[in-house]
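Chemist: Test case, fold it:
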Amino acid sequence: MKPLEYERAKDTAAAVRAAAGGATIIAGGTNLLDLMKLEVATPDRLVDIMRLGLGGIEATAAGGVRIGALVTNADLAAGMTLRRTYPVLAEALLSGASG
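Modeler: This is a model prediction of the structure:
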């Protein structure tokens, strides 16, 4: 693997600026390390967003669902917000989500 920079985003605005500048955003549940070992992905800079509190799931006033960037497929599928609003999507996620 080639050398790279690592940074933990202090807030969402910093993460957005980093992404706009070409950084690769990372969080849990990714296979980026495997891709880097194989040199399929070769990022110069990684920005970690795990501590930004982006794990919420909420219904919107327009009848949709707002899904945070850090929500896992398993949590999304099991949550009542999605199960009530989009039951087929919840079922599809459950069939593919790992524990």
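
Chemist: So the chain: which segments form each domain?
Modeler: Following the assignment in automatic domain parsing, the chain carries domains at 5-48, 57-96.

Chemist: Reformat these as JSON lines; add mean pLDDT and mean neighbour count.
Modeler: Any C-beta I mention is one placed from the backbone N, CA and C, and that applies to glycine too. Compiled in JSON lines, the domains of the chain are given as follows (pLDDT from 0 to 100; neighbours: other CB atoms under 10 Å):
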{"stretch": "domain 5-48", "mean pLDDT": "90", "mean neighbour count": "13"}
{"stretch": "domain 57-96", "mean pLDDT": "89", "mean neighbour count": "14"}
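
Chemist: residue ranges of the helices in this protein, please?
Modeler: Remark: helices of the chain, listed N- to C-terminal, are 12-20, 32-37, 73-78, 80-85, 87-96; assignment by DSSP state H.

Chemist: Surely residue 79 is in contact with residue 57?
Modeler: Yes: proximity of residue 79 to residue 57 meets the contact threshold set by CB atoms under 8 Å, at 4.9 Å.

Chemist: hey, what's in contact with both of these two?
Modeler: Applying CB atoms under 8 Å, 6 or more residues apart in numbering, one finds that no residue jointly contacts residue 79 and residue 57.

Chemist: residue contacts, the spatially closest residue to residue 77 that is not a sequence neighbour?
Modeler: In space, and not counting its chain neighbours, residue 77 is closest to residue 93: 3.5 Å by CB to CB, 6 or more residues apart in numbering. Each residue near residue 93 by CB under 8 Å, 6+ apart is listed here: 73-74, 76-77, 82.
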